[in-house]
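Peer 1: sequence first, predicted coordinates after that:
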Amino acid sequence: MWLHAEIRSIPDIVRYHGRCRPQAPALLQGSGFMTFGDLDRVTNRIARALVTARPDSSAPVAAIGKNSMEFLQLLFGTTKAGRPFLPLNWRLTPSELAVVLDDAAPAIVFADAEFAAPMRAAQAASVQRCELVEFASGGAGQGLAAWLADTLALDPGLPTNPCDTALLLYTSGTTGRPKGVQISHLGLNYMRLYESLEPEMAWQSEDVLLMAMPNFHLLGTGFALQALYNGARVSILDVPDPRRILESVQRDRPSILVLAPSVIQMLLEQPALAGTDFSSVRLILYAGSPINATVLERGVKAMQSGFMQFYGTTETAGAVTILRPAQHDLADPESLKSCGTPLPLVDIRIVDGAGNELPDGEIGEILVRSPALFTGYLNQPDATRVVLSEGWYHTGDLGRRDRRGLLYIIDRLKDMIISGGENIYSVEVEQALHKHPAVASAAVVGMPDERWGERVVAVVVLRAGTGANADELKRHCRELIAGYKTPKDIRFVDSLPLSSAGKILKRVIREQLAAAQS
């Protein structure tokens, strides 16, 4: 069962380890260091200050800032105060942040100094009124200390309803209006149960997690919670800069890295990679978007570490399938394209448009059932009903399952291109393009076409020092995929628009292509 039966909510993590292992290291950032006992005490003070400031409020408490010890302190302090914690995306514009403030209506927003000005602008543009607390991460008297002056380090001891929202995470808005995904304490606790039942997810208290991915995604905050639940240390890097990741591997000797595929690709382009000692790293977890098989093979060879892919969404509160290290068989390139098999307690179905289950090998929408699913989108019951039906979450991802039970993500349902009545999966075309030695990255979208309904358009970034033209890439594709799948139009760009989780923003690409045609 659960590794720690006493831990039933997010605040219980620091309560438990603060009581049982107060001198054990919890957080590390540069020269800064904090034990579990320290973390328990400072989060008691934050919780007590929040309850004193807003005693009757159940509204979320928001925070905006890059990864820092203060950010994790605010997370635990907020949940000890019985409030949902809302990490804000610091890459958003003030007008975009105002939309989130209008929807979530947080009582208090903590803003790191770097983002205080845009947060004030967002607050001015919002119809909601909230208290803004500015702080400086890493500061001595400039940090949260001033706001916490004279606050006792006594846990308020508020009861936690397992079904209450612990984390409120907003989707990137790549499909339109951002949605607040409500994840409960119970859902997160079930994630810990999955992991304790899955041998490949076993952690040791001696582990060190490098937290480099943004804190407003589960790739950042979710794995930090997993590490701390297991009594492991979190080494914090404010942003996923590839050069600084390599420096952190050398300096802090992490045993577990969590990276988006785009970050792995950037690491492989770093000259310092060859001289970096990865011997401390036993596991590299990657997720967030499909990975190029060539990039994965290069990474396995260069870093000599165990690799584990996982598939999940914000709505599933984390991983639902994993491709285990032993399944990363370079002699079986087909399996490297898979995202593995389900974790314990997770059910997966592949269905057609009518909801009928499909046999192995056929492509359909991926549905997920698990006890960790989100409880709904904040203030959007209609959107919730669209994706949650009879206990199943409709992911919007197209996939297939092979005879071995391995799951393959084929495409986003909305990214599938229908040209001349034929279904074309953009990922398949992208994989063909990536096999050309001059292609660094590529994205394929469907654009309106009077004759065919949609036509295949590719946007390509070439590797530095290489050259290729559109006709050459089209001939290359025709050798690998059917003619009707081959891009009808290829545009060359310096970079692709990416979300903070490393996903290619195809909505933005479509908008740019449409604007260029008008």
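Peer 2: Right, received. Where do you want to start?
Peer 1: ok but I46 is inside a strand, no?
Peer 2: No - counting by DSSP: H, G, I helix; E, B strand; the rest coil, I46 is not part of a strand but helix.
Peer 1: neighbours of it, how many?
Peer 2: Other residues lying near I46 total 25 when counted by other CB atoms under 10 Å. For the C-beta atoms, the positions are set from N, CA and C on the backbone; glycine is no exception.
Peer 1: list the contacts of the residue nearest to it when sequence neighbours are not counted.
Peer 2: The shortest distance from I46 to any non-neighbouring residue, by CB to CB, 6 or more residues apart in numbering, is to G77 (2.6 Å). By CB atoms under 8 Å, 6 or more residues apart in numbering, G77 lies in contact with 42-47, 49-50.
Peer 1: now do the helix or strand harbouring V100: everything it contacts.
Peer 2: Using DSSP states H and E, V100 sits in helix 94-104. Here helix 94-104 makes contact (CB under 8 Å, 6+ apart) with 60, 62, 64, 86, 88-89, 92, 109, 118-119, 121-123, 125-128, 130, 168, 170, 173, 177-178, 180, 378-379.
Peer 1: restricted to helices, list those residues.
Peer 2: Those of those mapping onto helices are 118-119, 121-123, 125, per DSSP state H.
Peer 1: show me how to select, in ChimeraX, the buried members of these.
Peer 2: Filtering these down to the buried ones (16 or more other CB atoms under 10 Å) takes a single ChimeraX command:
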select :118,119,122,123,125
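Peer 1: including distance to P325, could the ones in helices among the contacts of helix 94-104 go into TSV?
Peer 2: Formatted as TSV, those follow (distance: CB to CB, whole Å):
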residue	distance to P325
P118	41
M119	41
A121	46
A122	43
Q123	46
A125	47
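Peer 1: that older thread, what's the separation between the residue nearest to I46 and S126?
Peer 2: With the distance defined as CB to CB, to the nearest Å, G77 ends up 24 Å from S126.
Peer 1: nearest residue to the residue nearest the centre of the chain other than its sequence neighbours?
Peer 2: Central residue of the chain (CA atoms, centre = their mean): L219, 3.6 Å from the mean position. Excluding the flanking residues, the one nearest L219 by CB to CB, 6+ apart is M213, at 3.9 Å.
Peer 1: for L257, state which of the contacts of G77 is nearest.
Peer 2: T43 (26.0 Å; CB to CB).
Peer 1: can you count the residues close to the closest one?
Peer 2: T43: 27 surrounding residues under other CB under 10 Å.
Peer 1: distance of it relative to I13?
Peer 2: Going from T43 to I13 by CB to CB gives 10 Å.
Peer 1: overlap of the contact sets of those two?
Peer 2: By CB under 8 Å, 6+ apart, the residues touching both T43 and I13 are F76.
Peer 1: quick revisit: wasn't the residue nearest to L219 part of a helix?
Peer 2: No - assignment of M213 by three-state DSSP gives coil, placing it outside any helix.
Peer 1: can you pull the contacts of it?
Peer 2: 219-220, 223, 240, 258-260, 263, 288, 501.
Peer 1: likewise V258?
Peer 2: By CB under 8 Å, 6+ apart, the contact set of V258 is 209-213, 219-220, 223, 285-287.
Peer 1: again, but for L345
Peer 2: Going by CB under 8 Å, 6+ apart, L345 touches 190, 193-194, 197, 370-371.
Peer 1: with G231 instead?
Peer 2: Contacts of G231 by CB under 8 Å, 6+ apart are 17, 21, 24, 36, 205.
Peer 1: isn't the fourth one right next to P22, touching?
Peer 2: Yes - using CB atoms under 8 Å, F36 makes contact with P22 at a distance of 5.9 Å.
Peer 1: compare the two (neighbour count), which wins?
Peer 2: For F36 versus P22, the count of surrounding residues by other CB under 10 Å is larger for F36: 25 against 15.
Peer 1: which residue packs closest to that one, ignoring adjacent ones?
Peer 2: Nearest residue to F36 in three dimensions, chain neighbours excluded: H17, at 4.0 Å (CB to CB, 6+ apart).
Peer 1: part of a strand, is the one you found?
Peer 2: No - counting by three-state DSSP, one finds H17 to be helix, located in no strand.
Peer 1: going forward can the numbers begin at 39, since that is how I track them
Peer 2: Let's use 39 as the start, then, which means that last one is H55.
Peer 1: pretty sure it contacts L266?
Peer 2: Yes - under the criterion of CB under 8 Å, H55 makes contact with L266 at 7.2 Å.
Peer 1: between these two, which contacts overlap?
Peer 2: A64.
Peer 1: that older thread, now the residue nearest to the centre of the chain: how far from P409?
Peer 2: L257 is 22 Å from P409, by CB to CB.
Peer 1: strands of the stretch 339-488 of the chain, start to end?
Peer 2: 344-351, 356-361, 379-380, 385-389, 402-407, 414-415, 426-427, 430-439, 445-450, 455-457, 460-462, 477-487 (DSSP state E, counting those that start in this stretch).
Peer 1: can you list contacts of the second one?
Peer 2: The reference is to strand 356-361. Contacts for strand 356-361 (CB under 8 Å, 6+ apart): 229, 232, 236, 238-239, 256, 260, 325, 346-350, 373-374, 376-381, 384, 386, 406, 408, 410, 444-445.
Peer 1: with the fourth one instead?
Peer 2: Strand 385-389 has contacts (CB under 8 Å, 6+ apart) with 358-359, 380, 395-396, 400-408, 430, 437-439, 445.
Peer 1: with only the CA atoms kept, save it in CSV.
Peer 2: Listed next in CSV are the C-alpha coordinates belonging to strand 385-389 (Å, rounded to 0.1, in the frame of the first residue of the first chain):
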residue,chain,number,x,y,z
ASP,A,385,-7.1,1.6,-17.0
ILE,A,386,-6.6,2.6,-20.6
ARG,A,387,-9.1,2.2,-23.5
ILE,A,388,-8.7,3.0,-27.2
VAL,A,389,-12.1,4.0,-28.7
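Peer 1: pLDDT value on the residue lying farthest from the centre of the chain, please?
Peer 2: Residue farthest from the centre of the chain, counting by CA atoms, centre = their mean, is R489 at 38.9 Å. We have a pLDDT of 76 for R489.
Peer 1: over to A520?
Peer 2: Looking at A520, its pLDDT stands at 82.
Peer 1: buried subset of the contacts of helix 132-142, written for ChimeraX?
Peer 2: Here is the ChimeraX command that selects the buried residues among the contacts of helix 132-142 (16+ other CB under 10 Å):
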select :98,100,102,124,126,127,130,147,156,157,160,161,163,164,166,168,206,208,211,216,218,416
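Peer 1: any weak-confidence spans in the stretch 289-438 of the chain?
Peer 2: Counting by pLDDT under 70, the ranges of the stretch 289-438 of the chain that qualify are 326-328.
Peer 1: could I get the full set of helices for it?
Peer 2: Counting by DSSP state H, counting those that start in this stretch, the stretch 289-438 of the chain has these helices, from start to end: 299-306, 331-341, 371-374, 419-425.
Peer 1: buried deepest among the ones you listed, which one?
Peer 2: Mean neighbour count (mean count of other CB atoms under 10 Å) peaks for helix 299-306 among these, with a mean of 21.
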